[in-house]
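**Q** need a structure here:
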Amino acid sequence: MFYFDPLYFVFALPPMLLGLWAQFRVKSAFRKYSQIPTQSGLNGAETARRLLARGGMPNVTVESAEGMLSDHYDPREKALRLSEDVYNLPSIASVGVAAHEAGHALQDKTGYVPLQLRSFMVPAVSIGSNIGPILFIAGLFLSRILGSLGTTLAWAGIMMFAATALFALITLPVEFDASRRAKELLVSQGILSSAEMVGVNAVLNAAALTYVAAAAQAIMQLVYYLTMMNRRD
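**A** Just a heads-up that it's a prediction; the model follows:
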């Protein structure tokens, strides 16, 4: 059966383990530095509003959102949504995450191309990530019955999933740049001291690793699909 192909685990296991390690590092770093208060007394929401105001984006709303580490910037609604702990706590971790999301808002203002491209791809990726694998599996099995028609269906699934892999790759510079902006702003605006930035670096660098793991998972899955097609030729 395709689902039990041992080759799949050769491709899937390394990035999956990397993803688990990245998640562990994020939660560990966030937990640690959530317990260390900022010297300024600013919480995540106050930090975000200050950076947005000084960046010429006072009209971007800063809202509280449910869920742990559900923080994100919505370029369509010009809203920066912070998880409850990040929004409320005056901790080094909260300020670092909030500044990172403010970095995305500043990317939007300056027309940062990778962010624009990623936003443009969202509708296609939301479909491709779900439908692509289904089409590939269905086409792979139907090729035994339908011949070239099934093969065409499998290739269509691969192309749809390829958009997901491309999206994951484009996400990397977007996230790295947002973290870079956050770190520079926190220092230049005097919100955190150099000693406090050690904690911000730990949190944001761990978060960056999760995006690297996600990209690796998508790429390795795409390579596996291509390998399966070659094995059938």
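**Q** for stretch 36-46, which positions count as buried?
**A** Buried residues in stretch 36-46, counted by 16 or more other Cβ atoms under 10 Å: Pro37, Thr38, Ser40, Leu42, Asn43, Gly44, Ala45, Glu46. Any C-beta I mention is one placed from the backbone N, CA and C, and that applies to glycine too.
**Q** how long is it end to end?
**A** Terminal residues of stretch 36-46 are spaced 17 Å apart (Cα to Cα, to the nearest Å).
**Q** ok, and what's touching that stretch?
**A** Residues outside stretch 36-46 that contact it (Cβ atoms under 8 Å, 6 or more residues apart in numbering): 50, 62, 64, 82, 86-95, 97-98, 191-193, 196, 199.
**Q** Identify each of the strands in this protein and give its residue range.
**A** Secondary structure of the chain by DSSP state E: the strands cover 61-65, 72-74, 79-83.
**Q** Which among the ones you listed is found nearest to Arg181?
**A** Within the strands of the chain, the stretch nearest Arg181 is strand 72-74; the backing value is 11.9 Å (Cβ to Cβ).
**Q** List the neighbouring strands of that closest one plus their orientation.
**A** Here strand 72-74 has these sheet partners by DSSP bridges: strand 79-83 (antiparallel).
**Q** tell me how far the strand it pairs with is from the chain's mean position?
**A** How far strand 79-83 lies from its chain's middle: 15 Å, per Cα atoms, centre = their mean, to the nearest Å.
**Q** Make 756 the starting number, not 1.
**A** From this message on, residue numbering opens at 756, which makes the last subject strand 834-838.
**Q** Mean confidence (pLDDT) on that strand, please.
**A** Average pLDDT, strand 834-838: 96.
**Q** That strand vs strand 816-820, what angle?
**A** Going by axes from the mean of the first three to the mean of the last three Cα atoms, to 10 degrees, strand 834-838 is angled at 30 degrees with respect to strand 816-820.
**Q** Send me strand 834-838 as CSV with only the CA atoms.
**A** Provided in CSV are the C-alpha atoms of strand 834-838 (Å, rounded to 0.1, in the frame of the first residue of the first chain):
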residue,chain,number,x,y,z
ALA,A,834,-4.6,44.3,12.2
LEU,A,835,-2.0,43.0,14.4
ARG,A,836,-3.3,40.2,16.6
LEU,A,837,-1.4,39.0,19.7
SER,A,838,-2.1,36.0,21.8
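**Q** buried stuff in that strand?
**A** Under the neighbour-count criterion of 16+ other Cβ under 10 Å, strand 834-838 has Leu835, Arg836, Leu837, Ser838 buried.
**Q** now stretch 903-916
**A** Going by neighbour count (16+ other Cβ under 10 Å), the buried part of stretch 903-916 is Gly905, Thr906, Leu908, Ala909, Trp910, Gly912, Ile913, Met915, Phe916.
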